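Novice: Here's my sequence, what's the structure:
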Amino acid sequence: MAVIKTISLTKSYGKARGITDLDLTVNEGDYFGFIGPNGAGKSTTIRTLLGLISPTSGRAEIFGRDVTKDKQRILADVGYMPSEAVFYNSMSVKDVIAFSARLRRKDCSQEAKKLCERLSLDISKRIEELSLGNRKKVAIVCAMQHKPKLCILDEPTSGLDPLMQKEFFEILRERHNDGAAVFLSSHVLSEIQHNCINAAIIKEGRIIARDSVENLSKTSAKRVTMHGISVIPEKLAVRSAEISENSVSFLYSGNIKELLACAAELPLSDMTITEPGLDEIFMHYYEKDGESR
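Specialist: Got it, this is the predicted structure:
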């Protein structure tokens, strides 16, 4: 069963771009990554899915229900964490969490307590006293305390320190193991690679690739940075080259032995070989399949 399904979903803001002809399916029990840089259309997609904004055309369903007609029934079983955690500044953390539970007409006190303890969240403080990271923790508790069937998370880790990020993903893993579907939006590729099963890449409002995370991550190109030189070696076929005063960096898809043999002849002070960045993977898919995919 599809927990999320969109058919030619489009949202336009006048002449400004939103999202265009999105066809997307997320099945029950999936852990789905939605990848794209800031401004790609991730938040617009999520807000349209949740009925927070109306689509210009096309259709979207959650749990088989139309998002524009059955929004209240849908939201009862969805845990949503927006990219920006905004609450009433004068309220205490405890009151915000309780208010969120009352909106769902559920007693979530025990689960909320467990989550606050795991996230080291002080519920006695007022929202205005909290750092960005602690506001994010409040958003996590509000999104998770009712044990939703579907978790929709929009850039959830910004502001969280590494230890809290680890704990957050542990909570998500447990929820997923209990049967919940997870829809994780992020511009951090490693978050998707380490946690998700399937994913889609969105750029400029369009989905340019969708597959299992394993298949999406497969690219023969590596980012090579050579220190101590300022000219790209003529022997190597490279792309996306960057040259500075004392180093060169480029994408390389050729034979690794040829790269090392070439490097051995150069006056290098250091060399690094890493996986390409997120934008470079976008370029890989553009070059392979074109922007119209």
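
Novice: Now do the helices in the stretch 1-150 of the chain.
Specialist: For the stretch 1-150 of the chain, the helices defined by DSSP state H, counting those that start in this stretch occupy 42-49, 71-75, 93-103, 109-118, 132-144.

Novice: Nearest to residue 266, out of these?
Specialist: Smallest distance to residue 266 across these (Cβ to Cβ): 41.3 Å, for helix 42-49. Every C-beta, even on glycine, is put in place using the N, C-alpha and C of the backbone.

Novice: Now name the helix or strand holding the residue nearest to residue 210 when sequence neighbours are not counted.
Specialist: Leaving aside its sequence neighbours, residue 210 sits nearest to residue 200 (Cβ to Cβ, 6 or more residues apart in numbering; 3.9 Å). For residue 200, the enclosing helix or strand under DSSP states H and E is strand 198-203.

Novice: Name the strands paired with whichever helix or strand comes after that strand and say parallel or antiparallel.
Specialist: Using DSSP H and E, the helix or strand that follows strand 198-203 towards the C-terminus is strand 206-212. Note on strand 206-212: by DSSP bridges, its sheet partners are strand 198-203 (antiparallel).

Novice: biggest helix in this structure by residues?
Specialist: Ranked by number of residues, the top helix in the chain under DSSP state H is helix 162-177.

Novice: Any chance you could list what contacts it?
Specialist: Outside helix 162-177, the residues that touch it by Cβ atoms under 8 Å, 6 or more residues apart in numbering are 29, 31, 115, 118-120, 133, 136-137, 140, 144, 147, 151, 153, 156-157, 160, 182, 184, 191, 194-195.

Novice: List the buried residues for it?
Specialist: Judged by neighbour count (16 or more other Cβ atoms under 10 Å), helix 162-177 contains these buried residues: 164, 165, 167, 168, 169, 171, 172, 175, 176.

Novice: and whichever helix or strand comes after that helix, C-alpha only, in CSV?
Specialist: Per DSSP H and E, the first helix or strand lying C-terminal to helix 162-177 is strand 181-186. The C-alpha coordinates for strand 181-186 follow below in CSV (Å, rounded to 0.1, in the frame of the first residue of the first chain):
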residue,chain,number,x,y,z
ALA,A,181,7.0,4.8,7.3
VAL,A,182,9.6,7.6,7.2
PHE,A,183,9.8,10.4,4.7
LEU,A,184,13.1,12.3,5.3
SER,A,185,13.8,15.5,3.4
SER,A,186,17.5,16.6,3.5
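
Novice: Look at residue 214 and say how many residues are nearby.
Specialist: Neighbourhood size, residue 214 [other Cβ atoms under 10 Å]: 11.

Novice: if I look at residue 226, how far off is residue 257?
Specialist: Going from residue 226 to residue 257 by Cβ to Cβ, to the nearest Å gives 16 Å.

Novice: Among the two, which residue is more densely surrounded?
Specialist: A side-by-side neighbour count of residue 226 and residue 257, using other Cβ under 10 Å, places residue 226 first with 26 against 8.

Novice: can I assume residue 100 is in contact with residue 140?
Specialist: No: using Cβ atoms under 8 Å, residue 100 is not in contact with residue 140, being 11.3 Å away.

Novice: Give me the more crowded residue out of the two.
Specialist: Taking neighbours as other Cβ under 10 Å, residue 100 and residue 140 compare with residue 140 leading, 27 against 20.

Novice: List of residues touching the one helix or strand residue 251 maps to?
Specialist: Assigned by DSSP H and E, residue 251 belongs to strand 247-252. If you take Cβ under 8 Å, 6+ apart as the criterion, strand 247-252 is touched by 221-232, 236-243, 259, 276, 280.

Novice: For residue 217, the count of nearby residues, please.
Specialist: Residue 217 has 14 nearby residues by other Cβ under 10 Å.

Novice: What separation is there between the nearest residue to it once chain neighbours are set aside and residue 29?
Specialist: Excluding the flanking residues, the one nearest residue 217 by Cβ to Cβ, 6+ apart is residue 193, at 5.8 Å. Separation of residue 193 from residue 29 (Cβ to Cβ) stands at 20 Å.

Novice: picking that back up, angle of the strand holding residue 200 against helix 42-49?
Specialist: Angle of strand 198-203 versus helix 42-49, following axes from the mean of the first three to the mean of the last three Cα atoms, to 10 degrees, is 110 degrees.

Novice: Just the pLDDT at the residue nearest to the spatial centre of the chain, thanks.
Specialist: With distances taken as Cα atoms, centre = their mean, residue 186 lies nearest the centre of the chain, 1.7 Å away. We note a pLDDT of 89 for residue 186 in this prediction.
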